[in-house]
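Visitor: Need a 3D model of the following:
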Amino acid sequence: MRLFLIRHGDYIHEEMDLTQPLSVLGTKQIRVISRYLNRQSLQVGRLWSSPKKRALESAEILKAAVCPDIEIRQRDDLTPNADPRSVAEDLNSSSGDFIIVSHLPFIPALIQYLTKEERGSFKLLTGMAACLTREKEDLCWRVTELVSPDDVMD
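Guide: Numbers count the residues shown, from 1 in each chain. Model (predicted):
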């Protein structure tokens, strides 16, 4: 099972737009990550997103490019300061590949919770993806890759 945790793309900051939609750069970042994900032979069973506009816009781009037949499930427990436990429980009782679109500091908190590692938080810039894997019988996840749009530009 693979889990791709994707930080939303770059966004228009609060002083310019209170809804904080994706910027032109953010849209490009997520399209680049979408192309990368398409090369991973994913069998996406679920696509979850924070309900915040920049995350939902990122999830829509990913859905269209990677898993057009999967519905986006908005989850309030994927917002920036949410507790990762309920998401982790749902992941641990599921199978198939996942894509989750969320924010800082949630993504590093979820990675730390899933891997049970005490090391410092992962630095994920906008548009970055962290890939975690686990075997069916094992509840412990491992980080196998951190990918930024700059790493995989075509």
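Visitor: quick one: low-confidence parts of the chain?
Guide: Scanning the chain for pLDDT under 70 picks out 16, 118-121, 154.
Visitor: where do the helices sit along it?
Guide: In the chain, the helices defined using DSSP state H lie at 24-38, 53-66, 85-92, 106-115.
Visitor: As CSV, those with mean neighbour count and distance to Leu78 would be great.
Guide: Every residue, glycine included, has its C-beta placed from N, CA and C. Listed next are the helices of the chain as CSV, based on neighbours: other Cβ atoms under 10 Å; distance: least, Cβ to Cβ, whole Å:
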stretch, mean neighbour count, distance to Leu78
helix 24-38, 20, 16
helix 53-66, 21, 7
helix 85-92, 16, 7
helix 106-115, 20, 6
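Visitor: just so I know, which of these lies nearest Gly9?
Guide: The closest of those to Gly9 is helix 24-38. By Cβ to Cβ, the value is 2.8 Å.
Visitor: which residues are contacting that closest one?
Guide: Applying Cβ atoms under 8 Å, 6 or more residues apart in numbering, the external contacts of helix 24-38 come out as 4, 6, 8-11, 22, 54, 57-58, 61-62, 64-66, 99, 126-129, 147, 149, 152-154.
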